[in-house]
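Novice: Can you look at this prediction? I've put the sequence above it.
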Amino acid sequence: MIIITLQRDKCIGCNYCAELAPEFFRMSKKDGKCTLLHAVEKKGFHTARTPFEHAEEPLRAAEKVCPVKIIKIKPL
């Protein structure tokens, strides 16, 4: 199980996460910010879980290239 956390309010809309892990991230046409798919929002943090271990590589890549460091990935 992998937990993905996104601080959406701080997103600058660079689109790297959506390019590297499109099955988890989409860019909003409404405000140009990243959206974490299937996430639950609590106090400005959007959190989702995935049971797919093969998803760790693209998620780690998205975490690494995010210029504002608002994506956090951790195994459960």
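Specialist: Thanks, I have the structure now. Numbering: from 1, shown residues only.
Novice: Asp31 and Gly44, how far apart?
Specialist: When distance is defined by CB to CB, to the nearest Å, Asp31 is 15 Å away from Gly44. Where you see a C-beta, it was placed from the backbone N, CA and C, and this is true even at glycine.
Novice: Partner strands of the helix or strand Arg49 falls within, with direction?
Specialist: If you go by DSSP states H and E, Arg49 is part of strand 45-50. Strand 45-50 pairs in its sheet with strand 2-6 (antiparallel), strand 40-42 (antiparallel), by DSSP bridges.
Novice: Buried residues in it, which are they?
Specialist: Within strand 45-50, the residues that qualify as buried are 45-46, 48, 50, counting by 16 or more other CB atoms under 10 Å.
Novice: Can you give me the buried ones in the helix or strand just after that strand?
Specialist: Helices and strands here follow DSSP H and E; after strand 45-50, the next one along the chain is helix 56-65. For helix 56-65, burial by neighbour count (16+ other CB under 10 Å) applies to 58-59, 61-63.
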